[in-house]
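1. generate a structure from the sequence data that follows.
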Amino acid sequence: MTEYPAIRQHFSDSAQLLNECADLLAEPLEHAAQGILMALMSDGKLMIAGNGIYASMANVMAAYLVTRLQQDRMALAALSLCNNPAVLSSLTNSLSDDLFARQIHALGKQHDMLCVISTDGQCTNLCQAIKTAHERDMPVLAITGGSGGEIAALLRDDDFWLNIPGDDALRVLEAQQVTIHALCAHIDQLLLGGL
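-> Numbers count the residues shown, from 1 in each chain. Predicted structure coming up:
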């Protein structure tokens, strides 16, 4: 059992954080799932944003909602703000801080909801997106790590916050992926019934 201690430590650290998150996030995750469903059932959509690896996570989360996670169900209105190369490249060249805010101005409407995903909550363009969503009276779901950074400071009472404790970016990323799976699975459960 002492072979490959670094590899074993990786799994052990991840499992420990996931167990901690199960206790910390169960209730906030329930509220977030209900908030997303309220937006969707009011003819709104979930707009999802993230940078770097979190852009891919935003794409995957949108795909889970539009298609399915594990069970067949109706398509849910979700849109990743990270997957239009023409928009992203043209905004990146001159207006990177407005990368997501401009898309929210163009596409956001009443009853929509914004989800931002970040390791530490310090991304300027995600903060701008939150401010723009609030200007449009859109609630926000933030999935962050550590202290939540500037993103946490921008959240209002009617927003939702799923925060992974700790500052190890890899562990936070792993836990955020499980959190997104749990969130989408719970949305399915609320829609379809079951355990």
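2. okay, strands next: where are they in the protein?
-> Read by DSSP state E, the chain holds these strands, from start to end of the chain: 46-50, 78-80, 113-117, 140-145, 160-164.
3. the first one: partners in the sheet, and parallel or antiparallel?
-> This means strand 46-50. Partner strands for strand 46-50, per DSSP bridges, with pairing direction: strand 78-80 (parallel), strand 113-117 (parallel).
4. mean pLDDT and distance to residue 28 added to the strands of the chain, as TSV?
-> Yep, even glycine has a C-beta here, placed from its N, CA and C like the rest. TSV is the format used below for the strands of the chain (pLDDT from 0 to 100; distance: least, Cβ to Cβ, whole Å):
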stretch	mean pLDDT	distance to residue 28
strand 46-50	97	17
strand 78-80	97	20
strand 113-117	98	13
strand 140-145	98	10
strand 160-164	98	6
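5. tabulate these (a markdown table), appending distance to residue 70.
-> Listed next are these as a markdown table, based on distance: least, Cβ to Cβ, whole Å:
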| stretch | distance to residue 70 |
| --- | --- |
| strand 46-50 | 19 |
| strand 78-80 | 16 |
| strand 113-117 | 20 |
| strand 140-145 | 20 |
| strand 160-164 | 20 |
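6. make a markdown table from the ones you listed and add distance to residue 66 and mean neighbour count to it.
-> Formatted as a markdown table, the strands of the chain follow (distance: least, Cβ to Cβ, whole Å; neighbours: other Cβ atoms under 10 Å):
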| stretch | distance to residue 66 | mean neighbour count |
| --- | --- | --- |
| strand 46-50 | 10 | 27 |
| strand 78-80 | 5 | 21 |
| strand 113-117 | 14 | 28 |
| strand 140-145 | 17 | 26 |
| strand 160-164 | 20 | 23 |
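7. how about the strands paired with strand 46-50, which one is nearest residue 38?
-> Across those, the minimum distance to residue 38, taken as Cβ to Cβ, is reached by strand 113-117, at 8.4 Å.
8. what is the mean pLDDT for the longest helix seen in the chain?
-> In the chain, with assignment by DSSP state H, the single longest helix is helix 5-41. For helix 5-41, the per-residue pLDDT values average out at 95.
9. numbering from 331 from now on, please.
-> Got it, first residue is 331 now, which makes that one helix 335-371.
10. unless I'm mixing things up, residue 445 is touching residue 384, no?
-> No - in terms of Cβ atoms under 8 Å, residue 445 does not count as a neighbour of residue 384; the distance is 10.6 Å.
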